[in-house]
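Asker: just coords:
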């Protein structure tokens, strides 16, 4: 009876936390508003755009012809004067509306050329050939990024790059059958930029990746490639709604076992350093959206880094989650050999998973618990394999730097108080771990320091300062030669070293020997704090400088605001 009010309180917290949406998107009709200073040629493009805007719904091909005519006129103007901003403006708008009509009217210029009528004889609309079937444009729905109004807790700022082309959101029409093997999302959401090139009446659409190319060549001139880095993320969050699974994956981790994987957010580029984000308890990769959105706005970051994430059911004990991550890294190495040392960035419990990637434990933790090597411990093969993977490990050779944010290295008192005990009791232990607990009851050499083995510790239990694994790991140093950085919040109170982010105290987050430590005026989600994001950017640029012998001098650390 005593827990009923607490359960009600927890339920209310869950209910109210679900009100705010990570991202909302709304499509609207775009209307062209040309600037005042325009050449005669560009004014002719404006006329074609105006004609297309007035076309009735029943004349999609005619409207398509109007917009292609506008884009062609603007292209001809740019060939003469590449600095004509009004011509670029008309070109981008007209090309974006081409994709509006293609999607709305379900036209298909991808499987075969499309004949488009116009005032001047018509066009043949087609696309540049693709070498990879997966990049066939017929597999995607394209929506111009400028049609979206976006909002939400994670997309408050829109990161765009001015230039030439029509920024689009490409959404896969079907789920990817090879998602697990290729470490991709089940459905593709990606920002791409379209360029239309005219050869007489033949119009060839080429899709360019703004995360792979900064510039584009058009009419014998070079332009920055236009991009919108925020809208594709917002569309993905709005359509997939990862928030709905965050609590479920914590309370019933076994039901979501297949969601434990590393996922690429962009095509693999062996010349760019991989950054892997690792989320925390009752969270998902969506939590990194503000940081990712900001980082992608920096050209040097885009040029040097590619962003992936490790997602996992956060109800698992974190040593087990770390063992799955190591298995994923092994699989990645076989398919996508990593040429450069990667960077791993963890938040909260994700920092603990990250720490195990840069720690040489060997069999020390195993021996502390069992006092005998694995071969001498009488356990069923499945149990022994799971425990060996979780307790016997060394640092990952591909990891070259890590960043800990709001990290409860030495645990959090909240995991041991009434709230922590309640949260722990609500987590359904996976059947595979229940079998492990049953097996361990019969091991005479097991040393739990007087603690009775009633169940395998779950994620909340492994955040307790008294947890034997937590204590054991903190007796081990981080592998020499791998720099690590710490970022933590003090809620703006300026009371470090007696500070706390409201969940994790400074004494738990602080790590002697860190290459840098930054205290930001934030609560526990410090990874979304602007100062923390600026510091991560600085750390990444520092990593790029160290990795690249051709760099000139290290970047300056951002000043505190």
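Answerer: Sure, I can see it. Bear in mind the structure is a predicted one, so any value in this text is a computation, not a measurement. Numbers count the residues shown, from 1 in each chain.
Asker: Which residue comes closest to residue 294 once chain neighbours are left out?
Answerer: Of all residues not flanking residue 294 in the chain, residue 533 sits nearest, at 5.0 Å (Cβ to Cβ, 6 or more residues apart in numbering). Yep, even glycine has a C-beta here, placed from its N, CA and C like the rest.
Asker: Now do the one you found, the pLDDT please.
Answerer: With respect to pLDDT, residue 533 scores 98.
Asker: got the contact list for it?
Answerer: For residue 533, the contact set (Cβ atoms under 8 Å, 6 or more residues apart in numbering) comprises 290-291, 294-295, 527.
Asker: Surely it is in a strand?
Answerer: No - counting by DSSP: H, G, I helix; E, B strand; the rest coil, residue 533 falls outside a strand, being helix.
Asker: Can you turn the buried part of the contacts of residue 533 into a ChimeraX selection?
Answerer: To isolate in ChimeraX the members of these that are buried, counting by 16 or more other Cβ atoms under 10 Å, one can use:
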select :290,291,294,295,527
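Asker: Show me the domain layout of this structure.
Answerer: Split into domains by automatic domain parsing, the chain comes to 24-234, 243-547.
Asker: Which of those has the lowest mean pLDDT?
Answerer: Across those, domain 243-547 gives the lowest mean pLDDT, at a mean of 89.
Asker: now that domain, how far from the chain's geometric center?
Answerer: Centroid separation for domain 243-547 versus its chain: 16 Å, with Cα atoms, centre = their mean, to the nearest Å.
Asker: Likewise for stretch 72-84?
Answerer: Here stretch 72-84 is found 37 Å from its chain centre; the criterion is Cα atoms, centre = their mean.
Asker: Pull out the buried residues from it.
Answerer: When burial is assessed from 16+ other Cβ under 10 Å, stretch 72-84 yields the following buried residues: 72-75, 77-78, 82, 84.
Asker: Closest to residue 543 out of those?
Answerer: residue 82 (35.9 Å; Cβ to Cβ).
Asker: For residue 224, see how far away the closest one is.
Answerer: Note on residue 82: its distance to residue 224, by Cβ to Cβ, to the nearest Å, is 11 Å.
Asker: and what of residue 138?
Answerer: Using Cβ to Cβ, residue 138 is found at 29 Å from residue 224.
Asker: Same list, the contacts of residue 533, but as a markdown table with distance to residue 124 and secondary structure please.
Answerer: Output for the contacts of residue 533, formatted as a markdown table (distance: Cβ to Cβ, whole Å; DSSP: H, G, I helix; E, B strand; the rest coil):
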| residue | distance to residue 124 | secondary structure |
| --- | --- | --- |
| 290 | 44 | helix |
| 291 | 44 | helix |
| 294 | 42 | helix |
| 295 | 41 | helix |
| 527 | 50 | helix |
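Asker: if we can go back for a sec, can you give me the distance of the residue nearest to residue 294 to residue 158?
Answerer: Counting by Cβ to Cβ, the separation of residue 533 from residue 158 is 16 Å.
Asker: Same question for residue 409.
Answerer: To residue 158, residue 409 is 36 Å away according to Cβ to Cβ.
Asker: more crowded one of those two?
Answerer: The neighbour count for residue 409 versus residue 158, taken as other Cβ atoms under 10 Å, is higher for residue 409 (19 against 16).
Asker: dump the residue contacts of that one.
Answerer: Counting by Cβ under 8 Å, 6+ apart, residue 409 makes contact with 351-352, 355, 474, 508-509, 511.
Asker: Next: residue 431.
Answerer: If you count contacts by Cβ under 8 Å, 6+ apart, residue 431 has them with residue 254.
Asker: and the residue nearest to residue 185 when sequence neighbours are not counted, which of the three is it?
Answerer: Excluding its sequence neighbours, the residue lying closest to residue 185 (Cβ to Cβ, 6+ apart) is residue 263, at 5.9 Å. Of the three states, residue 263 takes strand under three-state DSSP.
Asker: Do I have it right that residue 263 meets residue 183?
Answerer: Yes - judged on Cβ atoms under 8 Å, residue 263 makes contact with residue 183 at a distance of 5.8 Å.
Asker: Find the residues that touch each one of the two.
Answerer: Residues touching both residue 263 and residue 183 by Cβ under 8 Å, 6+ apart: residue 308.
Asker: picking up where we left off before, of the contacts of residue 409, which qualify as buried by neighbour count?
Answerer: Of the contacts of residue 409, these count as buried by 16+ other Cβ under 10 Å: 351-352, 355, 508-509, 511.
Asker: Give the bridge partners for the residue nearest to residue 185, please.
Answerer: Beta-bridge pairing of residue 263 under DSSP bridges involves residue 309.
Asker: From residue 188, how far out is it?
Answerer: In terms of Cβ to Cβ, residue 263 sits 11 Å off from residue 188.
Asker: Repeat that for residue 323.
Answerer: Where residue 188 is concerned, residue 323 sits at a distance of 29 Å (Cβ to Cβ).
Asker: okay, those two: which has more neighbours?
Answerer: Legend: neighbour count by other Cβ under 10 Å for residue 323 and residue 188, higher for residue 323 (23 against 19).
Asker: So the more buried one sits against residue 387, correct?
Answerer: No - the criterion here is Cβ under 8 Å, and residue 323 misses it with residue 387 at 9.5 Å.
Asker: What pairs with the longest strand seen in the chain, parallel or antiparallel?
Answerer: Looking across the chain with DSSP state E, the single longest strand is strand 189-199. Note on strand 189-199: by DSSP bridges, its sheet partners are strand 166-172 (antiparallel), strand 202-208 (antiparallel).
Asker: Let me know the next secondary structure element after the last one.
Answerer: Same thing as strand 202-208. strand 215-218 (DSSP states H and E).
Asker: Quick one: list the elements packing against that next one.
Answerer: With contacts taken as 3 or more Cβ pairs under 8 Å, 6 or more residues apart in numbering; DSSP states H and E, strand 215-218 sits against strand 189-199, strand 221-224.
Asker: quick one, which of those strands is nearest to residue 121?
Answerer: Comparing the helices and strands packed on strand 215-218 by Cβ to Cβ, strand 189-199 comes nearest, at 12.9 Å.
Asker: Can you mark which positions in that closest one are buried?
Answerer: By neighbour count with 16+ other Cβ under 10 Å, strand 189-199 contains the buried residues 189-196, 198.
Asker: Distance to residue 49 added to those residues, as TSV?
Answerer: Below are those laid out as TSV (distance: Cβ to Cβ, whole Å):
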residue	distance to residue 49
189	29
190	27
191	24
192	23
193	20
194	17
195	18
196	14
198	16
